[in-house]
Each structure stands twice: as structure tokens, then as C-alpha cells.
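S.K.: structure of the sequence below:
(chains A and B)
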2 protein chains.
Amino acid sequence: MADIGGFEADLSATAARVEAVLRTRLAPIGGRLGAAMRHAALGGGKRLRPFVVLRAAALFGIAEAVAMPAACALELLHCYSLVHDDLPAMDDDDLRRGLPTVHRAFDEATAILAGDGLLTLAFETLADPTAHPDAAVRAELVVELARAGGTNGMIGGQMRDLAAEGRFAAGLPLTLSEAEIATLQAMKTGALFRFAALAGAILGGAGEADRQRLAAYGAALGRAFQIADDLLDEEASADQVGKATAKDRTRGKATLPALIGPGAARDRLGEAVAEASAALAGYGDRAAPLVAAAQYAAARQR
Amino acid sequence: MADIGGFEADLSATAARVEAVLRTRLAPIGGRLGAAMRHAALGGGKRLRPFVVLRAAALFGIAEAVAMPAACALELLHCYSLVHDDLPAMDDDDLRRGLPTVHRAFDEATAILAGDGLLTLAFETLADPTAHPDAAVRAELVVELARAGGTNGMIGGQMRDLAAEGRFAAGLPLTLSEAEIATLQAMKTGALFRFAALAGAILGGAGEADRQRLAAYGAALGRAFQIADDLLDEEASADQVGKATAKDRTRGKATLPALIGPGAARDRLGEAVAEASAALAGYGDRAAPLVAAAQYAAARQR
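M.R.: Model prediction:
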């Protein structure tokens, strides 16, 4: 086990630097729309995805400042997905990170447009010459982020998630197999983490073998992150007997703990962390922050 | 006045080719999400924005097939904006092009995700190597499309439009000046038309002077398009006495005909067409399809 305390300090300090860049990037956007976008993207979050971009890029000798625009682009895209997922027609959440969601703090139309604005800004940020001197790198990052966030990635995963909830709401049994849940979560959560790690290799001009290693690491990290998330949700319900059952279960979300039980899910979590770690074995100690990120994702309590 | 009949035949034949490429691009997207995206993007529309991309690129010697991916990327982005604008929280429209809007034909969550998917696919299409052999061109197109569709462009214009409607709904007077309406519409409608024409110059590797001419043409075309749209809406109300007043007026949309009257708006329309035409004077007859496009946008009856 790596030094998780040291890792958390590093993560937290990095998050503050990411936050500062995001703040600068969003500051010029005026009016209610700008305020809504800042509400969505600033003031919280572990910034784990940008952290992975930055540390993956460092493996290939890329300084943090150089990788920062791509890291922020990914975070902007992640924040847009939270705004749209929280909408009444989707997960209908009132709170996020202890604050009202964007459609509650503003209104639904503003939340839709703020999400659209964050998504659009993500691509502008990634394609802008400040993101990398080589236009081929910028264009490749745009293609990869669009794939990770698109219909074969995050959006497709969210759609499958809603379909599973719809079946549940209609009183139909959850019919997804473990493999189908794994695919759904690889799309919904895994694709952005996979992009985060892959982006570091692309920024560093790495070859195909390095790209595959980083992509494998990112996908395994995403799996660990999602299983840990679902376990946290399950355990909240077990610990709070007499209160409403956990959010995911109430909604019929397709999760691994719900299908195979918390014990077996915990085994899968351990396997995912081991896989993330193994993918980076060839980089030795230089990969320690990324290995620690996978351990952190698995062990986190929130 | 150019040969509008010949222009319409050209526009319609070009639209069919754009449609075919969009159909191929959207075909692999499975399930309800793919069906919703095809519902949104196929089977209709004049495809005026992609037409402008293709004919502007032709001015710089770029073959239609080469400019087609960028043209389709713009249309995908335009279609996403229609899906989100039609949502209940926005314009709450049930019909578009005589068919149920996406959230009516499917559901609201699917419409939000389908719009997100079309926007994401637009950027993937533009950044993909098939869009242009030169990555610098692709990256620049991504930046320009993101700016045109972003908070200083289309999304910002839609936000201002909603703010004006909100004031109207609250019983407050419409306080936008003619200049403010012009700014709103330059953002909401003009930015995408400006991008359409500018994209042709970027695809053709044109210099700054050509870019400025094309951008000026596109902005003027967008202005003509929007004024004609608003006049059509106004006239529908004047011609149908005893029925509900026109959609825009009922909602308090900020339009030029509502502020300065149809006659003065028609003068502005004529000025916009003349400006579009003048911007391209240096290209002689080669710019005829683009000049005709501005005349068509001004004269269209739907």
C-alpha cells in the first residue's frame, strides 16, 4: 500500500491548482449563464480525473503546466455530465457536494444551457493552441475525448443506466448480467478515466504500447472507482436501518453490489486495483502517484 | 436577383447528399439513443448551413467531398441545438418540421442525451482525420465551432432570448433596444452562419483577408435569415386574424419586427442581403451560389 496520506495531500494540492485554472477559464463568462457554469464547475470535487491526466503526462516527461489545459477540459466535460444527470428528467437530484444542483440554484433551462456550455468549452479548451503546440495532438485529444464522452462512452452508459431504472420503475426485474453491468459502467464511468490516463500518453507523444498500458490502467481505475461508489451507497443503507434504503437501490440502478452482493463486489474491487497497478508495473516508482490514485479510489469514504 | 429556381434545385440536391452522409454517420449508433439522434438529425431541413460550408470551401478550390465532414459536423451541432431548444424547460415545442419533437417522440431524458450526443459527435467529426488531412485545420475548426456554438455565440444568445421571454412572462416590458436585439440574434443565429462561411475559408487555407470577407458574409446571411424568420412569424399572425397571435409575440421573444415594425424590419432585411452580397463582390461569379443563398434566406416562405 502506498502512502495514502501523502497521496491525499498531493491530490488536494493539485485540485487547488486545477480549481484556479478552471476559475480563470470561467471568469469571463457573464450573466446568469456564467454564474451557473461556475456553480457547476468550481468549489469542490476531488478532481481525480484531471489529477490522472497530469500524473499520466508526467510519466512521459510532460510538465504539469503543459498538461493542465487538457486536464481542465476533461473536468469541464465531467462537470457538464453532472449538471445534465442531475436534471429532473434524469436523476432528479436536488443536492450535489452539499449544495443545490444547478437546476435548483438557478432553473432548468439555465442548467441545460450551462451543461451545453461546459461541454462546448471542454472542446474549445482542448483544441486551443494553448493546450499543446502540436495540432495533431490537440485534434487527437478532441477525437478521444468525444469518443469517451459520446454514445459509445459516457452518454451511452447513462442511457443504459436510465433504461435499467425504467425497467425497475415499471416493476420489471433487473435483467442485466454482471458482464452487462460491467459494460454499462465501463461506458458511463470508465471511459472518462480511460481518457484521463490515455491523454497523458497522447500529450507525451507516447507510442502504441504505452498508450495501451495507460488506457488499461485508466479503465481499471474507473472500474474500481465505480464499484467503490456503489459499495458506499449500499453501505449507507445497511448502516441506517429504518431510514429509506440507499439511493441507487431505490431507483433500481444497475450496480454490482446489488447483483452479486457487497462481499463479491469487494473482491472485484480488489481485482480492479490490482489490474490498474499491474498495467503500470513497467514504469516502476514513477507510476506511484497513479497506483496510489487507484488505491485511493477504492478506499475512499466519500 | 440570381436564378432562385436554379439555386433551390442546387440546395435541394446538396441537402440530399448531406442527408446521406449524416445517415451513414448516425447509422451505427444503436438503441433508443441512436433512434432519437436520427429522429433529430435526419429526414428534413433545408441544410442551409452545410450548403454554405460546401460552397464557401469551393471558392477556395476545395471539393465538396473534402468539405463534407465539416459541413455535417455543423449540421449535427445545429440539430442538437434544436433538440435542446424544444425541451419543455426551454421553448416547449411539440412539433418540428411537422413531426413530434424528440422529447415528444421519445422522452425528455432521451432528448437531453440525444442532444448531448449530437453535440459531442459534431466535435468528433470535425477533429477526425477524415475531416481534413491537416491537423492544424481540424483543430482550428474545432475552436471556431466551439466559439460559434458557445457562451459568446449560440448558447449565450439562447440564454439572452430566454431572459427576454422571462421578463415578458413576468409582465415586464421588453427593454431590449434594436442594437441589443441585433447582438442577441448575431449570437443565437448569426454565429453558426458565420462559422459556416468561415469554415470554407479555413478548409481552403485562405488568408486573413479572405477569412474576414467570408465571416462578414456569413454574419450578414445569418442576420437576413433571422429577420426573415421573424417576419414569417409576424405575418402568420397578421393573416390569421381571430386566431392566437404569433408564437414569438405570445412568448415575448425579442424580434426586430416586434420592435420596429414589419416595414422597417423588411428594410433591415434588404440591407443584410446587400451586405452579404457586397462582402463577396471580389469573388465575382464564383460566389453566385453564396449570394443566391442570402437572397433565398431572405425570400423563403417557410
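
S.K.: give the contact list for residue A:36.
M.R.: By C-beta atoms under 8 Å, 6 or more residues apart in numbering or on different chains, residue A:36 lies in contact with A:102, A:105, A:106, A:110, A:111, A:113, A:114. C-betas here are computed from N, CA, C, even on glycine.

S.K.: cool, and residue A:117?
M.R.: Here residue A:117 is in contact with A:29, A:33, A:37, A:80, B:150, B:151, B:155 (criterion: C-beta under 8 Å, 6+ apart).

S.K.: what about it, which helix or strand?
M.R.: Using DSSP states H and E, residue A:117 sits within helix A:108-127.

S.K.: which parts of that helix are buried?
M.R.: For helix A:108-127, a neighbour-count test (16 or more other C-beta atoms under 10 Å in any protein chain shown) marks A:108-127 as buried.

S.K.: ok, the nearest residue to residue A:116 once chain neighbours are set aside - how many residues close by?
M.R.: Counting by C-beta to C-beta, 6 or more residues apart in numbering or on different chains, residue B:155 is the residue found nearest to residue A:116 once chain neighbours are left out, at 5.5 Å. For residue B:155, the neighbour count with other C-beta atoms under 10 Å in any protein chain shown is 30.

S.K.: using CSV, write down the CA coordinates of the helix or strand residue B:155 falls within.
M.R.: Using DSSP H and E, residue B:155 falls within helix B:154-169. Extracted in CSV, the C-alpha atoms of helix B:154-169 (Å, rounded to 0.1, in the frame of the first residue of the first chain):
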residue,chain,number,x,y,z
MET,B,154,-25.4,30.4,-29.9
ILE,B,155,-25.7,29.3,-26.2
GLY,B,156,-25.2,32.8,-25.0
GLY,B,157,-27.9,34.1,-27.5
GLN,B,158,-30.4,31.5,-26.4
MET,B,159,-29.8,32.5,-22.8
ARG,B,160,-30.5,36.1,-23.6
ASP,B,161,-33.6,35.1,-25.5
LEU,B,162,-34.9,33.2,-22.5
ALA,B,163,-34.1,36.1,-20.3
ALA,B,164,-36.2,38.4,-22.6
GLU,B,165,-39.1,35.9,-22.5
GLY,B,166,-38.8,35.6,-18.8
ARG,B,167,-39.2,39.4,-18.4
PHE,B,168,-42.2,39.2,-20.7
ALA,B,169,-43.8,36.4,-18.8
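
S.K.: okay, buried residues for whatever helix or strand comes next after it please.
M.R.: Downstream of helix B:154-169, the next assigned helix or strand under DSSP H and E is helix B:178-185. Of all the residues in helix B:178-185, those buried under the rule 16+ other C-beta under 10 Å are B:181, B:182, B:183, B:184, B:185.

S.K.: again, but for stretch A:290-302
M.R.: Residues of stretch A:290-302 classed as buried by neighbour count (16+ other C-beta under 10 Å): A:290, A:291, A:292, A:293, A:294, A:295, A:296, A:297, A:298.

S.K.: which residue is the nearest non-sequential neighbour of residue A:83?
M.R.: residue A:115 (4.0 Å).

S.K.: contact partners for the one you found?
M.R.: A:40, A:80, A:81, A:83, A:84, A:102, B:116.

S.K.: and the strands in chain A?
M.R.: For chain A, the strands defined by DSSP state E occupy A:95-96, A:99-100.

S.K.: can you list the residues that contact the first one?
M.R.: Applying C-beta under 8 Å, 6+ apart, the external contacts of strand A:95-96 come out as A:82, A:86, A:101, A:104.

S.K.: quick check: of these, which lies closest to chain B?
M.R.: Nearest to chain B out of the contacts of strand A:95-96 is residue A:86 (C-beta to the nearest C-beta; 11.1 Å).

S.K.: and the closest residue to residue A:99 other than its chain neighbours, what does it touch?
M.R.: Distances taken as C-beta to C-beta, 6+ apart place residue A:105 nearest to residue A:99, at 7.1 Å, with adjacent residues excluded. With contacts defined as C-beta under 8 Å, 6+ apart, residue A:105 is in contact with A:36, A:39, A:99.

S.K.: swap the cut-off to 10 Å and go again
M.R.: Contact analysis of residue A:105 by C-beta atoms under 10 Å, 6 or more residues apart in numbering or on different chains lists A:35, A:36, A:39, A:40, A:94, A:96, A:99, A:111.

S.K.: now for the residues you listed: which two are most distant?
M.R.: Across the contacts of residue A:105, no pair lies farther apart than A:35 and A:94, at 18.5 Å, counting by C-beta to C-beta.

S.K.: looking at those two, which one has more neighbours?
M.R.: residue A:35 (17 against 12).

S.K.: would you agree that one is in contact with residue A:107?
M.R.: No - judged on C-beta atoms under 10 Å, residue A:35 makes no contact with residue A:107 at a distance of 11.9 Å.

S.K.: list the buried residues in the longest helix seen in chain A.
M.R.: If you go by DSSP state H, chain A has its longest helix at helix A:208-239. Judged by neighbour count using 16+ other C-beta under 10 Å, the buried positions of helix A:208-239 are A:210-211, A:213-231, A:233-234, A:237.

S.K.: same deal with stretch A:24-35?
M.R.: Counting neighbours by 16+ other C-beta under 10 Å, one finds that the buried residues in stretch A:24-35 are A:25, A:26, A:29, A:32, A:33, A:34, A:35.

S.K.: now the second one: how far from chain B?
M.R.: For residue A:26, the distance to chain B under the criterion C-beta to the nearest C-beta, to the nearest Å works out to 9 Å.
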